[in-house]
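In: Curious how this folds, go ahead:
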Amino acid sequence: MPEETSEKLEIIYQDQWLVAVNKPSGLLVHRSMIDRNETRFALQIVRDQVGQHVYPLHRLDKPTSGVLLFALSPEIARSAGKQFEEGLVKKTYLAVVRGYAPESGVIDHPLKEELDKMTDRKARQDKPAQEAVTAYERLATVELPLAIERYPTSRYSLVRAWPKTGRKHQIRRHMKHIAHPIIGDAKHGKGVHNRYFAQHFSAGRLLLACTEMALSHPVSNEQLVLSASLDEVFIDLLNRFGWEEKAH
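Out: The predicted structure is shown next:
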C-alpha cells in the first residue's frame, strides 16, 4: 500500500471531476528518477487529501509554484488532457528577472528537448528543436544601489508571461534566451544574483509562479479560471520592491 501523508495543500478548486491545488515551490508533482531521494509528491498528498486517485493534467517544475490541476478519473484526464495538448489552456505566470526586460514581446525560439541522463537514457538524442512561443510583458522595474556584477547598480524586472506552447522549462529557457534569466534559476540563471537574493532577501526559491490557468470545463464546457496566490517569499519581495500593486 502507498504510504499516506498527513500533509495538506491549498485546494483552489474542486468538483466531482477536477481538483486544483496551489503547489508550493520545492514540491515534485510525482516521483522522478531525477530526485530519487525525494519523499514528498503533490500527487500523493492530493490523493490522500481528497481520498481518491488523481491524475495530473500538466507539468509544473519542482521549483515553480502555483496552479496544479488534476483529473479525478482517467476519462476526464483524457478529455481535459486534449486541451493541454492542443494549446487551448491559457496559463499566466509571474517572474522576477535580471535586468530591465523589454516592455513586451513574443519570444519565438524553438527549444531542443532537455534530456535527463538518468530518466531519458533511451530517448533519441538527435530530435530536432520543437516550436516554442512565449508572450510576456514587463510590469515593474527596480534598480538597487548594489554592485552584484560589474555594474555599480543592479536592475530587476517583474514580468508576466503566457507560454503558448508547453515545452520543458520553456519560460526559464526563453527568459535566458533574451538575456533576462529568472532569479533563483539554478540551471538557466546567474548564480551570483541567485545567491544575493537568497542571502539578503530570504528568497532562495525560483521566482516563477503560475498564478492563473483558464480552460473549458471538460464536462460543462463552461470557462474555468483557476487562480493561485503567491507565497510569503514572493509577496515579501514584491513589497520590498514596491511592486505589490503591479502584480495584480
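In: Grab the nearest non-local neighbour of L88.
Out: Spatially, and ignoring its direct neighbours in sequence, L88 is nearest to L215 (6.8 Å; C-beta to C-beta, 6 or more residues apart in numbering). (Glycine included, C-beta is placed from N, CA and C.)
In: how close does that neighbour sit to A71?
Out: Remark: distance between L215 and A71 (C-beta to C-beta, to the nearest Å) = 12 Å.
In: what are the ranges of the strands in the protein?
Out: 10-14, 18-23, 55-56, 65-71, 90-98, 104-108, 133-144, 154-163, 208-216, 223-227 (DSSP state E).
In: what residue is smack in the middle of this protein?
Out: T64 (3.9 Å; C-alpha atoms, centre = their mean).
In: Look up how far D15 lies from that one.
Out: On the measure of C-beta to C-beta, T64 and D15 end up 25 Å apart.
In: Low-confidence regions, the chain specifically.
Out: For the chain, the stretches with pLDDT under 70 are 1-5, 32-39, 115-126.
In: could you redo the last one with a cut-off of 50?
Out: 1, 117-121, 123 (pLDDT under 50).
In: Can you list phi and psi of the residue lying farthest from the centre of it for me?
Out: In terms of distance from the mean C-alpha position of the chain, P152 ranks first, at 31.4 Å (C-alpha atoms, centre = their mean). Note on P152: its backbone torsions stand at phi -70, psi -20 [degrees, to the nearest 10].
In: how much space between it and Y100?
Out: 15 Å.
In: Now do L224 against S104, distance only.
Out: 27 Å.
In: my bad, should have said H30
Out: Taking C-beta to C-beta, one finds H30 at 35 Å from S104.
In: Now do the shared contacts for L215 and A71.
Out: Listed contacts common to L215 and A71 are A80; contacts here mean C-beta atoms under 8 Å, 6 or more residues apart in numbering.
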